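Participant: model this:
(2 chains)
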Amino acid sequence: GAVVSQHPSWVICKSGTSVKIECRSLDFQATTMFWYRQFPKQSLMLMATSNEGSKATYEQGVEKDKFLINHASLTLSTLTVTSAHPEDSSFYICSARRTGGLYEQYFGPGTRLTVT
Amino acid sequence: DQQVKQNSPSLSVQEGRISILNCDYTNSMFDYFLWYKKYPAEGPTFLISISSIKDKNEDGRFTVFLNKSAKHLSLHIVPSQPGDSAVYFCAAKAGNYQLIWGAGTKLIIKP
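Facilitator: Okay, here's the model as predicted:
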């Protein structure tokens, strides 16, 4: 159990367009989901914490108007990168904490975004 | 200000031997720690965790040791297998279920 999927697994888009990434918990409910970004050879950088039915909490330095997060159900959170620029190219990973569970986060496989 | 530190960027171990990955933390309020394994271009996979009320937790080949007085934890893998080659991250629980991550240690298992 505890499977998390992400879609798409990779995407190439043109500068100025928007891209939506979906994160789904397939076999459990997740009140809380997290969005991370990973740069090459670096650790995971938490971007925001997403709670079902409420506004996401963004980490310092992350533009909430650029990275829109919607957690509309207990199994789905979406991250929309608006007006993407080449510097937004990165590996985006979501994770989900099981509702009623402890602190383990279960991660999706990640989405590689390339902005040209 | 790194609250969770993994000071070894990489570690090379002979297959069949013990792998020991280390992690230090600075915040004495951390009360739950986790280890994750990550392959390139994939999301991390949860391995094992430990609460601060314990000093050891074991799951198959993986054992995590916690030394609260030294603010140090370690992950032991024995015996090491080729499939264990990956980047290992330790993490500590902060508020709101957030995890504070170390920088990772790349483990290489040599045949």
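
Participant: All the strands of chain B, in order from the start?
Facilitator: Using DSSP state E, the strands of chain B run over B:4-5, B:10-14, B:19-25, B:32-38, B:45-51, B:56-59, B:62-67, B:72-77, B:86-93, B:99-101, B:105-110.

Participant: Run through the bridge partners of the residue lying closest to residue B:80 once chain neighbours are set aside.
Facilitator: Spatial nearest neighbour of residue B:80, chain neighbours left out: residue B:19 (4.6 Å); criterion: C-beta to C-beta, 6 or more residues apart in numbering or on different chains. For glycine as for every other residue, the C-beta is placed from the backbone atoms N, C-alpha and C. Following DSSP bridges, residue B:19 is listed with bridge partners residue B:77.

Participant: same thing with residue A:95?
Facilitator: Beta-bridge partners of residue A:95, as defined by DSSP bridges: residue A:34, residue A:107.

Participant: burial of it, as a residue count?
Facilitator: Neighbour count for residue A:95, taken as other C-beta atoms under 10 Å in any protein chain shown: 26.

Participant: Likewise for the one 4 residues further on?
Facilitator: Neighbour count for residue A:99, taken as other C-beta under 10 Å: 13.

Participant: was I right about it contacting residue A:33?
Facilitator: No: taking contacts as C-beta atoms under 8 Å, residue A:99 lies outside contact range of residue A:33: 10.8 Å.

Participant: ok, residue 31 - contacts?
Facilitator: Because you didn't say which chain, this covers chain A. By C-beta atoms under 8 Å, 6 or more residues apart in numbering or on different chains, the contact set of residue A:31 is A:51-52, A:74, A:97, A:99.

Participant: wrong chain, I was asking about chain B
Facilitator: Listed by C-beta under 8 Å, 6+ apart, the contact partners of residue B:31 are B:51-52, B:93.

Participant: switch the cut-off to 6 Å
Facilitator: Contacts for residue B:31 were tallied using C-beta atoms under 6 Å, 6 or more residues apart in numbering or on different chains; they are residue B:52.
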